[in-house]
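Colleague: A predicted structure for the sequence below; I have some questions about it.
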Amino acid sequence: MAHNPNHLEWRRIEVDGRSAVYAMAGQEGRSLVFLHGWGLGYRAYKKALRGLVSLGLKVYAPALPGFGGTADLPSDEFALPGYADWVATFMKAVEIDQPVTLVGHSFGGGVAIQTAHDHPSLISKLVVVNSIGGSAWTGEGSTLKTIAERPLWDWGIHFPADVLPWRQVTRVLPVILEDAVPNLLRNPGAIWRVAGLARRADLTAELEELKRRRMPVVVLWGENDKVL
């Protein structure tokens, strides 16, 4: 059976001497790197990624360190700049030799912002979807606070309803669980550590610098997203 270059397939590679897993599809052309959200991987986004491939893009979707079978970052590199350096090294490892469109969702959005800031020569355009890094939360009395100030107990109480309104459960939940359950079983520590990193992230200064540099940035946000 002939190989279909537009079919998403898993591959394994070494990044900085540590094992990494990624999906890719598409023929030679403009490259796009997609960074997934917290606890997820490429499977949760496969329909959208196939759509991007159909537009003539060559798509790379790495499992970020700690997820999807990719090795954790060393403890002294565990921070958004460490993730950004990993993305830059990943791009070199898969031999991407032209600036890419970088797309990130949720936690991956924060990593994408940091990568564009720290490695501008690698990125031609930045797209972030419901990204961490500068979000606010409405506490008691409608007081606006930073997301880092939201108590963990409040996250726990509201998380199911915030993430999955009932009308979306049957459509969205199976897709999320396809990635989330294996990630949780494989590396529960990474889930917890990255959640803490995401809560503390403040990338407003990095975004201002990208604005100053006039990097093309598209920000997409769901009006019903109450988690981020």
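Modeller: Thanks, I have the structure now.

Colleague: next, give phi and psi for residue 70.
Modeller: phi -80, psi 140 (degrees, to the nearest 10).

Colleague: would residue 81 count as being in a strand?
Modeller: No: per DSSP: H, G, I helix; E, B strand; the rest coil, residue 81 lies outside any strand segment and is helix.

Colleague: I'd say it and residue 114 touch.
Modeller: Yes: between residue 81 and residue 114 there is a contact under Cβ atoms under 8 Å: 6.1 Å. C-beta: built from backbone N, CA, C; applies to glycine.

Colleague: more crowded one of the two?
Modeller: Neighbours per residue, other Cβ atoms under 10 Å: of residue 81 and residue 114, the larger number sits with residue 114, 23 against 14.

Colleague: residue 45 - that's part of a helix, no?
Modeller: Yes: under three-state DSSP, residue 45 falls within a helix.

Colleague: for it, give me its contacts.
Modeller: For residue 45, the contact set (Cβ atoms under 8 Å, 6 or more residues apart in numbering) comprises 34, 36, 61, 105.

Colleague: make TSV from these and add pLDDT and neighbour count to it.
Modeller: As requested, the contacts of residue 45 are exported to TSV (pLDDT from 0 to 100; neighbours: other Cβ atoms under 10 Å):
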residue	pLDDT	neighbour count
34	97	26
36	92	28
61	96	26
105	91	24
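
Colleague: nearest to residue 118 among the residues you listed?
Modeller: Nearest to residue 118 out of the contacts of residue 45 is residue 34 (Cβ to Cβ; 18.5 Å).

Colleague: elements contacting the helix or strand containing the closest one?
Modeller: For residue 34, the element it lies in under DSSP states H and E is strand 31-35. Applying 3 or more Cβ pairs under 8 Å, 6 or more residues apart in numbering; DSSP states H and E, one finds that strand 31-35 makes contact with helix 46-54, strand 58-62, helix 80-93, strand 100-105, helix 107-118.

Colleague: direction included, what does it pair against?
Modeller: In the sheet, strand 31-35 lines up against strand 58-62 (parallel), strand 100-105 (parallel) (DSSP bridges).

Colleague: would you turn those strands into TSV with distance to residue 24?
Modeller: Shown next, in TSV, are the strands paired with strand 31-35 (distance: least, Cβ to Cβ, whole Å):
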stretch	distance to residue 24
strand 58-62	5
strand 100-105	12
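
Colleague: quick one: which of those is nearest residue 93?
Modeller: Minimum separation from residue 93 across the strands paired with strand 31-35 (Cβ to Cβ) falls at strand 58-62, 9.6 Å.

Colleague: now do the phi/psi pair for residue 75.
Modeller: The phi/psi pair for residue 75 (degrees, to the nearest 10) is phi -60, psi -30.

Colleague: and if you look at residue 21?
Modeller: Backbone geometry at residue 21, expressed as degrees, to the nearest 10, gives phi -120, psi 140.

Colleague: what residues are up against it?
Modeller: Counting by Cβ under 8 Å, 6+ apart, residue 21 touches 10, 11, 12, 62, 63, 68, 69, 70.

Colleague: quickly list what residue 105 is bridged to.
Modeller: Note on residue 105: beta-bridge partners by DSSP bridges are residue 129.

Colleague: next, the contact list for it, please.
Modeller: 34, 35, 36, 37, 45, 128, 129, 130, 131 are the contacts of residue 105 under Cβ under 8 Å, 6+ apart.

Colleague: surely the third one and residue 66 touch.
Modeller: No: counting by Cβ under 8 Å, residue 66 is not a contact partner of residue 36; they are 11.5 Å apart.
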